[in-house]
Each structure stands twice: as C-alpha cells, then as structure tokens.
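Chemist: what shape does this take:
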Amino acid sequence: MSATTMKPTTVRFDESLKSEAVAILDSIGLGLNAYLTLALRQLVNQRRVPFELVAKRDVPNEETRLAMLRAEAKSAGIIPDDDSSFSSIEDAMAYLEGR
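Modeler: Numbering: from 1, shown residues only. Predicted structure coming up:
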C-alpha cells in the first residue's frame, strides 16, 4: 500500500452557492472537502460525471405559485371560495362543455 500525497487546492465558488451546498452537506454530516473528494473519486472510478446533469426548473412557476396562494387564501377564509363544485362527473363534464 503506497502513501497518498495530499496537496492543497484552491477552488473558487459563488458565496451563495457555497453556503447552500454547505448547509445541505452539514444536514447529512458531510463536509465540503469530503464531498468534493467523493465526487472526484467517482469521476475517476466511473470515467464519467457521476450524477445526472439537469437544467434548473422554476418549480413552482409563477402561475402555479399564484394558484397555490389563492388556494391557501381561500382555505384560510381570506378571500371567498367561489369555485364551482360538482356532485357528479356528468355535472362537471356538462359545465366544461358549456351546457
């Protein structure tokens, strides 16, 4: 077994990104250095980026966020709940079809 030589490396991050990442890692008991070491080890072992890369989604989007706020306000009695309600599928379909 050979000795491993550790060398310091400087990595620059946006402070906000680093703070968010450190908070998440802290919640699972992992430090930033340990996480980066794990990620690099998996990159070397798998010879690929070891996680799926996805674009950030606006979840919820503005329309959904407003709908959620309206629903909460109706539930709390802040604004009247004047949404239509139906006792059967047939009644709902008739309403949707404009009958």
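
Chemist: show me how far the helix or strand hosting Glu90 is from its chain's centre.
Modeler: Using DSSP states H and E, Glu90 falls within helix 89-96. How far helix 89-96 lies from its chain's middle: 36 Å, per Cα atoms, centre = their mean, to the nearest Å.

Chemist: check contacts around Ala73.
Modeler: Taking Cβ atoms under 8 Å, 6 or more residues apart in numbering, we find Ala73 in contact with Ile79. (C-beta placed from N, C-alpha, C; glycine too.)

Chemist: re the thing from before, what mean pLDDT does the helix holding Glu90 have?
Modeler: Mean per-residue pLDDT for helix 89-96: 93.

Chemist: run through who's touching it.
Modeler: 84, 86.

Chemist: tell me which element the most centrally placed residue in the chain is part of?
Modeler: Here the mean C-alpha position of the chain is nearest to the C-alpha of Val59 (Cα atoms, centre = their mean), at a distance of 7.5 Å. Under the criterion DSSP H and E, no helix or strand holds Val59.

Chemist: cool, and Lys74?
Modeler: For Lys74, the host element (DSSP H and E) is helix 62-75.

Chemist: any idea how far that helix is from the chain center?
Modeler: Computed by Cα atoms, centre = their mean, the chain-centroid distance of helix 62-75 equals 19 Å.

Chemist: please apply the same query to stretch 42-56.
Modeler: 18 Å.

Chemist: what ranges do the helices span in the protein?
Modeler: Applying DSSP state H to the chain gives helices spanning 15-27, 32-46, 62-75, 89-96.

Chemist: then the longest one to CSV, C-alphas only?
Modeler: So that's helix 32-46. Provided in CSV are the C-alpha atoms of helix 32-46 (Å, rounded to 0.1, in the frame of the first residue of the first chain):
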residue,chain,number,x,y,z
LEU,A,32,-17.5,20.2,1.6
ASN,A,33,-13.9,18.7,1.3
ALA,A,34,-15.2,15.2,1.8
TYR,A,35,-18.0,15.7,-0.7
LEU,A,36,-15.6,17.0,-3.4
THR,A,37,-13.2,14.1,-2.7
LEU,A,38,-16.1,11.6,-3.1
ALA,A,39,-17.2,13.3,-6.4
LEU,A,40,-13.7,13.3,-7.8
ARG,A,41,-13.1,9.7,-6.7
GLN,A,42,-16.3,8.6,-8.5
LEU,A,43,-15.3,10.7,-11.6
VAL,A,44,-12.1,8.7,-11.7
ASN,A,45,-13.7,5.3,-11.0
GLN,A,46,-16.6,5.7,-13.4
